[in-house]
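[1] what would the 3D arrangement of this be:
(one chain, ligands or ions: 2)
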Amino acid sequence: MSLLKIDRITKRFGGVTANENISFHVKEGQILALIGPNGAGKTTCFNMIAGVFPPSEGKIYYDGQDITGKKPHELNAIGIARTFQIVKPLAKLTVFDNLMVASLAKSKNIKEAQEKAKEMLSFTHLESLQHIPAGQLSIGNLKRLEVARAIATRPKLLLMDEPMGGLTPSEVDEAIRLIHQIRTNGTTIVIIEHIMKAVMAVSDHIVVLQNGVMIANGDPKAVMNDETVIKAYLGDGYVKSH
Ligand SMILES: Nc1ncnc2c1ncn2[C@@H]1O[C@H](COP(=O)(O)OP(=O)(O)O)[C@@H](O)[C@H]1O
Ligand SMILES: [Mg+2]
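    Ligands and ions are numbered 1, 2, ... in the order given. Coordinates of the predicted model:
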């Protein structure tokens with residue numbers, strides 16, 4: 001069954017068409033990677049799924065329900081969470097308190113929120129940094145905190161916007177393991193990512209955008225061998241057989 005269905009969505013910003021007639025769906029328990037060059041419209045697509053702004057045209061369905069135009073807090077309440085490309089922790093609060101803020105949104109009491117925050121610390125291997133203000137973390141640890149914060153609400157659908165940007169190769173490997181673990185725990189994932197090694201390691205399905213248009217949609221290997229996709233990444237001068 002598909003948990004998320006994007007049905008012919010278009011988004012215009014004045015004269016710019018950031019997404020044009022995009023359709024794809026994500027099956028429950030799968031990981032879909034949304035890729036494409038800078039400015040392709042990936043974050044715009046996420047913003048519509050997460051309710052930051054509605055599409056100009058088209059519909060979005062989640063768990064069989066039309067969620068088009070719903071607000072981020074409404075979507076969060078029904079199990080959709082996201083991480084941001086530019087991470088936004090509460091810099092003066094400690095790592096633990098950042099997780100408490102996230103956990104409290106979905107907990108009945110402080111004790112339950114504390115337990116959830118501790119569970120997230122251990123899940124993302126941040127225990128030893130829990131008393132450090134988030135503003136002092138390295139980019140790798142900040143990205144882990146961002147993931148921990150998003151999954152503290154136990155989402156059914158997690159949207160991850162470039163979670164590996166700025167990570168070292170060993171941190172990328174760690175992030176790949178974390179993403180597999182999140183999926184094993186029952187969360188369906190849509191991930192925007194530039195690091196192709198990571199995309200190939202985690203995705204069941206790939207959607208490629210270029211200039212707001214979907215140029216490929218399918219199995220990872222088939223998509224990466226697609227001539228149009230190769231050209232989008234390497235330029236028109238590239239011929240596959242050379
Ligand atoms: N809030 C906005 N207002 C106006 N234009 C925007 C806005 N968000 C994105 N855009 C434009 O839409 C296009 C796609 O941007 P974006 O979705 O951020 O691409 P990507 O995430 O693939 O790099 C760009 O031309 C960008 O300038
Ligand atoms: Mg983006």
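
[2] rounded mean pLDDT for stretch 211-219, please.
    Mean per-residue pLDDT for stretch 211-219: 96.

[3] ok, now which ones touch Cys45?
    Cys45 makes contact with Ile6, Ile9, Lys11, Asn19, Ile22, Leu34, Leu209, according to C-beta atoms under 8 Å, 6 or more residues apart in numbering. In short, each C-beta sits where N, CA and C put it, glycine included.

[4] okay, those in CSV with distance to ligand 1 next?
    Converted to CSV, the contacts of Cys45 look like this (distance: C-beta to the nearest ligand atom, whole Å):
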residue, distance to ligand 1
Ile6, 14
Ile9, 12
Lys11, 8
Asn19, 8
Ile22, 11
Leu34, 8
Leu209, 6
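
[5] which of those residues sit farthest apart?
    Within the contacts of Cys45, Lys11 and Leu34 form the most distant pair, 14.2 Å apart (C-beta to C-beta).

[6] which one of these two has more residues nearby?
    For Lys11 and Leu34, the more surrounded residue by other C-beta atoms under 10 Å is Leu34, and the numbers stand at 29 against 22.

[7] over to that one: give its phi and psi.
    Dihedral pair for Leu34: phi -110, psi 110, per degrees, to the nearest 10.

[8] just grab the bridge partners of it for me.
    Ile192, Val207 (DSSP bridges).

[9] these two touch, right, it and Val207?
    Yes. Between Leu34 and Val207 there is a contact under C-beta atoms under 8 Å: 5.2 Å.

[10] residues of the protein that sit close to ligand 1?
    Phe13, Val16, Ala18, Gly36, Asn38, Gly39, Ala40, Gly41, Lys42, Thr43, Thr44 (C-beta under 6 Å from any ligand atom).

[11] where does confidence bottom out across those?
    Asn38 (91).

[12] tell me the secondary structure at it.
    Three-state call for Asn38 (DSSP: H, G, I helix; E, B strand; the rest coil): coil.

[13] tally of neighbours for it?
    Neighbours around Asn38, by other C-beta under 10 Å: 6.

[14] Leu3 belongs to a strand, doesn't it?
    Yes. The assignment for Leu3 is a strand, going by three-state DSSP.

[15] which residue is the nearest non-sequential neighbour of it?
    Glu28 (4.4 Å; C-beta to C-beta, 6 or more residues apart in numbering).
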